[in-house]
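Peer 1: quick one, structure for this:
(chains A and B)
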Amino acid sequence: MNRRALRYAAAFWLAAAAFILLDWLASTPHNRFAEPPPWSIGQPANDTGAHCAAAPAAKK
Amino acid sequence: MVLTDRRRGDRDSTSSKMSPVTSTAPASTTRRSLAPLYALAVAAWLAVTWTVGLRQGALFAVGIGFGAVLAHYAFGFTTGWRAWIRDRDPTGVLAQFVAIGAAMAVTIPLLAGHEELAGAAGPLSVSLLIGAFVFGAVMQIADGCGSGTLYKAGLGNLFSLVVLPGFVIGSFFGSLHLDWWLSLGSLPPVSLHDHWGAAGAVLAQAAVLGVLAALFWKFRRATDTRWRGRAVYVGALLLAFFALLNLLIAGQPWGIVYGLGLWGAKVATWLGADLTANAFWGREAQQAQLHASLLTDATSVTNLGLLLGAFIAAERIGKARPRGMVTPRQWVAAVVAGLLLGYSSRLAFGCNVGAYFSGIASGSLHGWVWFALAFAGSLVGVRLRAWLGLKA
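Peer 2: From the prediction side, this is the model:
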């Protein structure tokens, strides 16, 4: 076992968990009972713009 | 300058010589030591599903699948290109073509027949040309693309741990400046299936992939390939399978970089930045995403799953927690490389995953442009890597 890398990995995962927790606490409360269906196909499309290919809004 | 940690825990380096790598630990020991990790994965999946919903839980599981496949089969985008450029070993590139070909054969017909599904179609812009070239060069120095950097950081690879924050910051600033870059010149996205139909687009792209594969094969050299047997092709097909699941569940193809930029944008807003006037983050959908938990974002949740899946798979085959030291020069190289990777991937509308894999699989012309420019960049990057003295 490489103890140094284990410490690095542990620090990374702790930081990631803390980031997720802080973000959860700082975010708009999520209504898990208003969740969409488990799949998108066959469901109404919703524009999240949440993909790497998303472009900025066109200038008016 | 030698990155001494590359012997273990690095699918984009020498560890992939034994693909898939088998564990040297006794099976009983491996099972026992992995039990807490399996339990952690199940607990994390339950937590995401319970707190956010079934869709995000399913995407988290898909992310675990991505990470496990990448780590177990040593499937690397960066290494695949470098192995051909340096050694004329076509195996890695051919495996990528198999993954992309299998994904596009299903993705394009689905996109053509279902308006509710969105493809990875980016604009054809000056920023794409510059961003893809720079990304292709820098990913060879960083020894990892978006997915590679992400999961190697999770393994405890010190170099990637330094690259990753830079990647996040660079991606955020790239998204901030994207409208300026687009003002330099941009054409709308082109989806080939809109012009040639689904069958035409699939056949045309398959023909191009076939010709390219033949060229890579023709100019190969008899060399000791780092990928043994057919395992990497099995991994390629599994990646395509998980990419299909990602599309069906999220309604959009697999991506990495958007999530990293979102994490940066969230930190910026916590520090008081007002992004409402920004062309990218000011959009209604982006503002909503900024104020919602990152667990509600499809890309972020698959990124987190990928991290966990890769860690478990690497631990299983004895590749996690790599040894390594980073010299001061390497610290500087890692910080600069991370910033450039993040910034350039936003200009290019994605990295190897969002633009190359998902772009071509979606029939988007920008995916092909990205591939051409990034490969040209890698030709430079491999030489830069040698010049910097980084381990081959």
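Peer 1: what residues sit buried inside stretch B:40-49?
Peer 2: By neighbour count with 16 or more other C-beta atoms under 10 Å in any protein chain shown, stretch B:40-49 contains the buried residues B:41, B:44, B:45, B:48, B:49. Quick note: C-beta positions are derived from backbone N, CA and C, even for glycine.
Peer 1: name the residues that touch that stretch?
Peer 2: Residues outside stretch B:40-49 that contact it (C-beta atoms under 8 Å, 6 or more residues apart in numbering or on different chains): B:56, B:57, B:58, B:60, B:61, B:64, B:295, B:301, B:308, B:309, B:312.
Peer 1: hmm, the third one is touching residue A:40, no?
Peer 2: No - contact criterion C-beta atoms under 8 Å: residue B:58 and residue A:40 do not qualify, at 10.5 Å.
Peer 1: intersection of neighbour lists for the two?
Peer 2: Overlap of the contact sets of residue B:58 and residue A:40 (by C-beta under 8 Å, 6+ apart) consists of residue B:249.
Peer 1: so where's the chain shaky on pLDDT?
Peer 2: Using chain A. Low-confidence segments of chain A, defined by pLDDT under 70: A:1-2, A:46-49, A:57-60.
Peer 1: hm, I was asking about chain B
Peer 2: Applying pLDDT under 70 to chain B flags the ranges B:1-32, B:320-326, B:391-392.
Peer 1: that one: strands as residue ranges?
Peer 2: Secondary structure of chain B by DSSP state E: the strands cover B:124-125, B:186-187.
Peer 1: a markdown table for those, including mean neighbour count?
Peer 2: As requested, those are exported to a markdown table (neighbours: other C-beta atoms under 10 Å in any protein chain shown):
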| stretch | mean neighbour count |
| --- | --- |
| strand B:124-125 | 22 |
| strand B:186-187 | 14 |
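Peer 1: any chance of CSV for those strands, columns distance to residue B:247?
Peer 2: Shown next, in CSV, are the strands of chain B (distance: least, C-beta to C-beta, whole Å):
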stretch, distance to residue B:247
strand B:124-125, 22
strand B:186-187, 25
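Peer 1: could I get those strands as CSV with distance to chain A?
Peer 2: CSV is the format used below for these (distance: least, C-beta to the nearest C-beta, whole Å):
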stretch, distance to chain A
strand B:124-125, 9
strand B:186-187, 8
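Peer 1: roughly how far apart are residue B:186 and residue B:106?
Peer 2: According to C-beta to C-beta, to the nearest Å, residue B:186 stands 30 Å off from residue B:106.
Peer 1: typed the wrong thing, it's residue B:157
Peer 2: On the measure of C-beta to C-beta, residue B:157 and residue B:106 end up 33 Å apart.
Peer 1: contacting residues for the residue sitting nearest the centre point of chain A?
Peer 2: Ranked by distance to the mean C-alpha position of chain A (C-alpha atoms, centre = their mean), the top residue is residue A:20 at 8.3 Å. Counting by C-beta under 8 Å, 6+ apart, residue A:20 makes contact with B:294, B:295, B:304.
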